[in-house]
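In: Below is the sequence, then the predicted model.
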Amino acid sequence: MGFPVKLSTGNLVLRPFEDGDAPQFVEAARESAKTVGVWMPWWSDDYSIEQALQWFKTCRAGIEAKSAYDLG
């Protein structure tokens, strides 16, 4: 990868998503239904761990291709 795998300062850490992040990612998406759901076309009431894992796979592919840097 052409950038640090993990960026951190103080209480903030940015890094590529890991599969183990999926349950918390799904929980956060569901908790944000009233705000995220209105402007994020991917959001749904039944957003699943499988969908999160697919997103993480897409994020990793973008990082490898150096075309996107979606971090969590």
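Out: That came through fine.

In: could you give the mean pLDDT of the longest helix along the chain?
Out: If you go by DSSP state H, the chain has its longest helix at helix 49-65. For helix 49-65, the mean pLDDT works out to 94.

In: contact partners of it?
Out: Defining contact as CB atoms under 8 Å, 6 or more residues apart in numbering, one finds that helix 49-65 is touched by 1, 16-19, 21-23, 25-26, 29, 42, 68-71. Where C-beta positions appear, they are placed from N, C-alpha and C, glycine not excepted.

In: Quick check on the residues you listed: which are buried?
Out: Buried members of the contacts of helix 49-65, scored by 16 or more other CB atoms under 10 Å, are P16, F17, D21, A22, F25, V26, A29.

In: picking that back up, just the contacts of helix 49-65: which are in helices?
Out: Checking the contacts of helix 49-65 against DSSP H, those in helices are A22, P23, F25, V26, A29.

In: quick one: the fourth one from T58, how far?
Out: It refers to V26. Per CB to CB, to the nearest Å, V26 is found 16 Å from T58.

In: What is the distance between the longest helix of the chain and the centre of its chain?
Out: Offset of helix 49-65 from its chain centre (CA atoms, centre = their mean, to the nearest Å): 8 Å.
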